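[1] Here is a sequence together with a model predicted from it:
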Amino acid sequence: MVLGHNDLVGSIPASYGNMKSLRDLWLDHNFLQGLIPSELGKLKGTLKDVMLQSNALHGKLPSELGSLSSLKKFRIDENRLSGTVPSDLCDLRSRKGDQFTDLEADCEEIECPCCSRCN
């Protein structure tokens, strides 16, 4: 689902976690607010790219995101997130090595010991 740069407003629907064939979730550069739904963690075998940068998302990252075993790119920079990137997500990045290449966050707002790039 590629919906970046579309002036979308509102929140990310938790029902996206039920889209079992969803590979790419590109919602970057919109006006989305609210929390990142933990239900996205249900897409562990399919979701490869999560591009949520440049929105107004807030809160902590759900630990369920650490189960996204197919993840290659995860960008959450330019939001209002807080806390720490879940350790399971960092463990996934260290186990997958070259396959999980892109993890970007605003490291002044969210602690990210495993980010490939801090903004």
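    Received it, and whenever you're ready, just let me know what you need. Numbering: from 1, shown residues only.
[2] list the contacts for residue 17?
    The contact partners of residue 17, taken as CB atoms under 8 Å, 6 or more residues apart in numbering, are 37, 38, 39, 40, 41, 42, 43. The C-beta positions use only the backbone N, C-alpha and C, and glycine is treated the same way.
[3] Checking the fourth one next. Helix, strand or coil?
    Going back to what we said before, that points to residue 40. helix (DSSP: H, G, I helix; E, B strand; the rest coil).
[4] I figured it hits residue 67, correct?
    No. At 9.5 Å, residue 40 does not count as touching residue 67 under the criterion of CB atoms under 8 Å.
[5] what about burial for the contacts of residue 17, which qualify?
    37, 39, 40, 41, 42, 43 (16 or more other CB atoms under 10 Å).
[6] how far away is the third one from residue 79?
    Translated: residue 40. Separation of residue 40 from residue 79 (CB to CB, to the nearest Å): 15 Å.
[7] Just the CA coordinates for stretch 64-75, please, in CSV.
    The C-alpha coordinates for stretch 64-75 follow below in CSV (Å, rounded to 0.1, in the frame of the first residue of the first chain):
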residue,chain,number,x,y,z
GLU,A,64,4.8,-6.3,18.7
LEU,A,65,6.8,-4.7,15.8
GLY,A,66,9.7,-6.8,16.8
SER,A,67,7.9,-9.9,15.3
LEU,A,68,8.1,-8.5,11.8
SER,A,69,10.6,-11.1,10.6
SER,A,70,10.4,-10.0,6.9
LEU,A,71,11.3,-6.3,7.7
LYS,A,72,13.8,-4.6,5.4
LYS,A,73,13.1,-0.9,5.9
PHE,A,74,11.5,0.9,8.9
ARG,A,75,11.4,4.7,8.9
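[8] contacts for the helix-or-strand element of the chain with minimal mean pLDDT?
    Every helix and strand of the chain was ranked by mean pLDDT, DSSP states H and E. The lowest is helix 87-96, at a mean of 86. Applying CB under 8 Å, 6+ apart, the contact partners of helix 87-96 are 61, 63, 65-69, 71, 74, 100, 103, 113-114, 116.
[9] Low-confidence stretches in this protein?
    97 (pLDDT under 70).
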